[in-house]
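> I'd like to go over a predicted model; first the sequence, then the structure.
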Amino acid sequence: MAEAVDTRRSTPDPWSIPLADIDVSQPELFRTDSHWDYFRRLRAEDPVHYCARSPFGPYWSITRFRDIMAIDGNHQDFSSDAGIVLADRPADFQTTNFISMDPPKHDVQRKTVQGVVAPVNLAKLEGTIRERAARILDGLPVGKPFDWVDRVSIELTTQMLATIFDFPFEERRKLTYWSDMATSGELAGGPTPEPVRRAALLECLEYFTRLRDARVNEPPKTDLLSMLAHGRDTRDMPPMEFLGNLILLIVGGNDTTRNSISGGVLALNLFPEEYDKLRNDPGLIGNMVPEIIRWQTPLAYMRRTAARDVEFGGKTIRKGDKVAMWYVSGNRDEAVIPDPDRFLIDRPNARHHLSFGFGVHRCMGNRLAEMQLRVLWEEIMKRFRFIEITGPVERVQSSFVKGYANMPVQLHAW
């Protein structure tokens with residue numbers, strides 16, 4: 001079964017090329033699922049690795065679990081102000097958002113919107129998630145092939161994103177489009193030409209500005225856009241900062257969960273003994289969810305920029321240097337996670353992973369993401385014995401978003 005869905009391609013042997021020539025930021029490594037041994041070598045031989053030449057300029061790779069935690073929790077020495085991806089912001093199209101800020105500005109902007117995922121609001125959302133998941137699953141063909149990414153992963157997450165923004169539901173696929181455009185630009189190694197990406201993001205800004213202007217004149221509500229419109233620290237944001245925060249919230253609420261939904265299906269196909277465990281005991285879903293998020297690692301890295309010269313791991317990281325914290329590598333660190341390449345739905349301490357980050361920038365929507373995955377799999381197991389991957393899985397061309405463009409599947413009922 002695993003061979004039928006494994007799409008890794010032949011790439012240069014990462015153990016034989018000069019260490020200095022390793023560049024794990026190449027999007028093609030992720031599109032072909034060929035990055036694993038590169039990170040394994042860096043963890044073993046050069047866990048604080050300098051790449052002098054890449055499409056994004058020189059940068060440092062941090063690849064071990066504990067080193068990533070140390071940098072992620074140290075915003076004084078490793079700043080977010082320059083952005084979260086390795087690509088530099090174009091000088092004539094500067095956007096920023098609160099994840100690309102350091103305290104105190106980060107804290108006040110994040111606080112404005114954090115209420116949308118407060119426990120009381122999450123409790124209200126669970127019924128909506130279950131109702132929509134059930135409707136989506138009941139509308140799928142049994143015994144006939146279809147694309148899981150489009151019909152389930154994208155559809156469920158986009159419906160929920162429209163809900164938390166109070167976005168016009170019939171136009172929700174605009175959110176998917178803008179999310180894809182934001183993360184697939186050619187400057188970041190993706191296939192989308194820069195003029196196309198900019199046009200899409202300006203369309204997003206124009207659309208949401210109209211919605212925000214209408215919300216300002218309405219009583220405050222608990223949706224994200226109303227919170228931004230009425231928040232003391234966000235209501236007067238400049239347009240490009242407003243756009244940056246929109247894209248952050250759209251990508252954070254869409255790409256990450258949708259790729260974990262697809263990644264869980266792939267993992268269970270690659271490890272059929274785990275699918276047997278799940279069929280025998282659906283009560284393992286609660287523990288399986290964080291294991292899916294660890295195994296998939298939907299965002300491969302986050303960038304920081306050295307705020308001063310720092311001695312770290314025996315190396316000198318100079319002020320202004322780019323630093324990539326490779327969550328995708330830390331989540332496979334053998335020194336911290338036993339047998340890390342295996343997908344184990346009953347793994348002890350499954351929540352001990354890096355996918356949500358640490359410190360002040362820890363993902364604020366982590367509980368919502370976990371809830372969507374849990375509820376979806378609860379509803380899946382009521383209906384289907386097996387989601388079978390029937391052909392090659394197409395991954396996206398990105399070293400940042402670790403995701404799927406297409407996943408052909410066939411459903412088998414109980």
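Structure received.
> what residues sit buried inside the helix or strand hosting residue 240?
For residue 240, the enclosing helix or strand under DSSP states H and E is helix 239-270. If you call a residue buried by 16 or more other Cβ atoms under 10 Å, then helix 239-270 has these buried ones: 240-270. Quick note: C-beta positions are derived from backbone N, CA and C, even for glycine.
> which elements pack onto the helix or strand just after that helix?
Per DSSP H and E, the first helix or strand lying C-terminal to helix 239-270 is helix 272-280. Applying 3 or more Cβ pairs under 8 Å, 6 or more residues apart in numbering; DSSP states H and E, we find helix 272-280 packed against helix 239-270.
> contact partners for residue 158?
Contacts of residue 158 were listed using Cβ atoms under 8 Å, 6 or more residues apart in numbering, and they are 172-173, 175-176, 254, 258.
> after the helix or strand harbouring it, which helix or strand is next? Please name it.
Taking DSSP H and E as the criterion, residue 158 maps to helix 155-165. As assigned by DSSP H and E, the chain's next helix or strand after helix 155-165 is helix 173-183.
> which outside residues touch that next one?
Helix 173-183 has contacts (Cβ under 8 Å, 6+ apart) with 154, 158, 161-162, 165, 167, 190, 192, 196-197, 200-201, 203-204, 207, 247, 250-251, 254-255, 398, 400-401.
> tell me how far that helix lies from the chain's centre.
14 Å (Cα atoms, centre = their mean, to the nearest Å).
> now the angle from that helix to helix 155-165?
Comparing the axes of helix 173-183 and helix 155-165 via axes from the mean of the first three to the mean of the last three Cα atoms, to 10 degrees yields an angle of 100 degrees.
> point out where the protein drops to low pLDDT.
1-10, 89-121, 359-362, 364-365 (pLDDT under 70).
> how close does residue 306 sit to residue 80?
Residue 306 sits 12 Å away from residue 80, taking Cβ to Cβ, to the nearest Å as the criterion.
> just residue 260 next, same as before
Distance, residue 260 to residue 80, by Cβ to Cβ: 23 Å.
> picking that back up, list only buried entries from the contacts of helix 173-183.
154, 158, 161-162, 165, 167, 190, 192, 197, 200-201, 204, 207, 247, 250-251, 254-255, 398, 400-401.
> please, where are all the helices along the stretch 251-400 of the chain?
Along the stretch 251-400 of the chain, the segments classed as helices by DSSP state H, counting those that start in this stretch run 272-280, 285-296, 327-330, 366-383.
> can you dump the C-alpha atoms of the third one in PDB for me?
By that I understand helix 327-330. What follows is helix 327-330, C-alpha atoms only, in PDB (Å, rounded to 0.1, in the frame of the first residue of the first chain):
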ATOM      1  CA  TYR A 327       9.800  22.500  12.500                       C
ATOM      2  CA  VAL A 328       9.600  19.700   9.900                       C
ATOM      3  CA  SER A 329      13.100  18.600  11.000                       C
ATOM      4  CA  GLY A 330      12.600  19.100  14.800                       C
END
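> that one packs against which elements?
Judged by 3+ Cβ pairs under 8 Å, 6+ apart, helix 327-330 is in contact with helix 36-45, helix 65-72.
> got CSV for those, with distance to residue 228 too?
Listed next are these as CSV, based on distance: least, Cβ to Cβ, whole Å:
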stretch, distance to residue 228
helix 36-45, 37
helix 65-72, 26
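> residue 150 is nearest to which of the ones you listed?
For the helices and strands packed on helix 327-330, the distance to residue 150 is smallest for helix 36-45, at 26.8 Å, taking Cβ to Cβ.
> okay, buried residues for the following helix or strand past the closest one please.
The first helix or strand that comes after helix 36-45 along the chain, using DSSP H and E, is strand 48-51. Neighbour-count burial for strand 48-51, with 16+ other Cβ under 10 Å as criterion, is recorded at 48-49, 51.
> list the helices and strands whichever helix or strand comes after strand 48-51 packs on?
Stepping forward along the backbone from strand 48-51, the first helix or strand reached (DSSP H and E) is strand 59-62. Strand 59-62 sits against strand 48-51, strand 322-325, with contacts defined as 3+ Cβ pairs under 8 Å, 6+ apart.
> distance to residue 26 added to the ones you listed, as JSON lines?
Formatted as JSON lines, those follow (distance: least, Cβ to Cβ, whole Å):
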{"stretch": "strand 48-51", "distance to residue 26": "10"}
{"stretch": "strand 322-325", "distance to residue 26": "12"}
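> out of those, nearest to residue 75?
The nearest among the helices and strands packed on strand 59-62, by Cβ to Cβ, is strand 322-325 at 12.1 Å.
> tell me the spacing between residue 143 and residue 385.
Counting by Cβ to Cβ, the separation of residue 143 from residue 385 is 12 Å.
> who has more neighbours out of these two?
The neighbour count for residue 143 versus residue 385, taken as other Cβ atoms under 10 Å, is higher for residue 385 (13 against 8).
> I'd say the more buried one and residue 279 touch.
Yes: Residue 385 sits in contact with residue 279 when judged by Cβ atoms under 8 Å, with a separation of 6.6 Å.
> contact partners for residue 186?
Here residue 186 is in contact with 192-194, 197 (Cβ under 8 Å, 6+ apart).
> distance-wise, check it relative to residue 399.
Going from residue 186 to residue 399 by Cβ to Cβ gives 13 Å.
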